[in-house]
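Enquirer: When you get a sec, could you give me coordinates for this:
(one chain, ligands or ions: 1)
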Amino acid sequence: MKHLIIGNGIAGIHAAGAIREMDTEAEICMISDETVPPYSRPMISYVLDGSQPHEKLPLFPGNIYETLKISPILGQRVVILDPDSQSVRLEDGTGIDFHRLLIASGADARKIRVQGAELENIFTMRTQKDVLDQLEAIAKGVKTALVLGGGLVGFKAAHALLKRSIRVFMLITSPYPLAMQVDEIAGRMILKELEAQGLIVKTGVSVAAFDGDVRVERAILDTGESLECDLVIAGKGVEPSLDFISREKMAMDTGILVDDYLQSTIPGIYAAGDTAESIDIARQTRWVNAIWPEAAVQGRIAGFNMAGRPVVYPGSLSRNVMRVFDLDVMTLGLANPDPGEGFTILRTGGETKGIYRSLVFRDNILAGAILVNRIEQGGILRALIENRVPVTIPMAGLASLDFDFSKLLQS
Ligand SMILES: Cc1cc2nc3c(=O)[nH]c(=O)nc-3n(C[C@H](O)[C@H](O)[C@H](O)COP(=O)(O)OP(=O)(O)OC[C@H]3O[C@@H](n4cnc5c(N)ncnc54)[C@H](O)[C@@H]3O)c2cc1C
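Expert: Model prediction:
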């Protein structure tokens, strides 16, 4: 049996491990356009902020390809998948066939497409190389940086640059950072903390063009304002890396539609990680939850299924824990639904208290939560969401900052 895995990220390597556990002889080939061994992608922001050296990024000691008897093809991008001939083509023209395929190609950072975007010192932030290039630029002297986007990556980049004592402007369309993850109350608490550390946030604006000789020197905003800057990091979201697949041959929406076994609509071809669109437990609909722990679990389950041991994937759940200088922030499930979608939202605490909790219920089922500080009860809330446990005690009790969770057992 020949297994082919596209992507050497957390999903791909967990799949390879599961296949190897099941079958010591199967051929496993892994292709990636990155040349470095599997590493912790969420940790690249710690390399940028200087709290970790990049040597700490690899996920495994030694040579994981040798350990798992994987034939790696690195530094090459898959450009075409031909499901009919069960083969892929690489950018150098090489063809590679397979019996079972896992698409674990993750996501690519969305590029900024404005005039001047090709100038030096304008980066995205997705790979280890991106961050090493950013550090090289910083080493040559950076006074003012511009971070585009207030999502998780933009936010982590801004946080890291501030820690390096660089003046940072954040440009976002929403009124506060992390607007996709948290509500306005939590967002404003985070914003206040970042502003207290020196972040300058401009809301409702975007960049119209960059200007400079060789390196970026200024950004021209759509308001006409000009901002001097010598480094730009764009965190304008990601797109699943699926450009080598024909949408006519495989069912895709944002990601690859997978069944309960993480198999795509083409038998023998599986997807895991940031490429896979599976059922989201909190939303009760298909969703791409592009987070590290789900990628790991999906990779492992896909690997077992590829190797012939049927394992059902229970569905994904969005979750994140962040330390923002002196704030601990946790989001779970459908933390910030659009208003008027039939949810009951209970909020406790807020900016003046320095502690905040928001719980989102659909009927008596907890669907999401935001916790700012005192996040230690988040594990129990996550279990309630994940297992769709009906809450039979008064919901306000659960939202209380001092709630004694042992009461759940007595109800
Ligand atoms: C800065 C940053 C911070 C993050 N922080 C968090 C966090 O705090 N918590 C969290 O849960 N998640 C976080 N994430 C998201 C998390 O890293 C991803 O969800 C996870 O890495 C997805 O794993 P994956 O294996 O699906 O894909 P990836 O890690 O993207 O790996 C896919 C690999 O496939 C390669 N590839 C892509 N296309 C091709 C192709 N056509 N041919 C060959 N190779 C290809 C890619 O280059 C890559 O090496 C963060 C991401 C970033 C960038």
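Enquirer: right, and Ala179 touches Gly187 too?
Expert: Yes: with contact defined as CB atoms under 8 Å, Ala179 counts as touching Gly187 (6.0 Å). Glycine gets a C-beta too; all of them are placed from N, C-alpha and C.
Enquirer: which outside residues touch the strand or helix carrying Ile28?
Expert: With elements taken from DSSP states H and E, the one containing Ile28 is strand 27-32. Here strand 27-32 makes contact (CB atoms under 8 Å, 6 or more residues apart in numbering) with 1-9, 12-13, 16, 19-20, 65, 68-76, 78, 88, 90, 96, 98.
Enquirer: so what strands line up beside it?
Expert: strand 2-6 (parallel), strand 70-74 (parallel) (DSSP bridges).
Enquirer: Show residues contacting the first one.
Expert: Contact partners of strand 2-6, identified using CB under 8 Å, 6+ apart, comprise 12, 15-16, 19, 26-32, 78, 88, 96-105, 306-307.
Enquirer: List, one by one, the residues from this structure near the ligand.
Expert: Within the chain, the positions lying close to the ligand (CB under 6 Å from any ligand atom) are 6-12, 31-34, 41-42, 44-45, 77-78, 104-107, 125-126, 152-153, 156, 241, 244, 273-274, 290-293, 295, 320.
Enquirer: Can you tell me which of those residues end up in strands?
Expert: Using DSSP state E, the subset of these located in strands is 6, 31-32, 78, 107, 320.
Enquirer: Rounded mean pLDDT for the lengthiest helix in the chain, please.
Expert: What stands out as the longest helix in the chain, according to DSSP state H, is helix 292-306. Helix 292-306 shows a mean pLDDT of 98.
Enquirer: Just the C-alphas of that helix, formatted as PDB.
Expert: What follows is helix 292-306, C-alpha atoms only, in PDB (Å, rounded to 0.1, in the frame of the first residue of the first chain):
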ATOM      1  CA  TRP A 292      -3.600  23.300  15.900                       C
ATOM      2  CA  PRO A 293      -5.200  20.700  18.200                       C
ATOM      3  CA  GLU A 294      -8.000  19.900  15.700                       C
ATOM      4  CA  ALA A 295      -5.300  19.500  12.900                       C
ATOM      5  CA  ALA A 296      -3.400  17.000  15.100                       C
ATOM      6  CA  VAL A 297      -6.500  14.900  16.000                       C
ATOM      7  CA  GLN A 298      -7.800  15.000  12.400                       C
ATOM      8  CA  GLY A 299      -4.400  13.900  11.100                       C
ATOM      9  CA  ARG A 300      -4.300  11.000  13.400                       C
ATOM     10  CA  ILE A 301      -7.900   9.800  12.700                       C
ATOM     11  CA  ALA A 302      -7.400  10.200   9.000                       C
ATOM     12  CA  GLY A 303      -4.200   8.100   9.200                       C
ATOM     13  CA  PHE A 304      -6.000   5.300  11.000                       C
ATOM     14  CA  ASN A 305      -8.800   5.300   8.400                       C
ATOM     15  CA  MET A 306      -6.200   5.400   5.500                       C
END
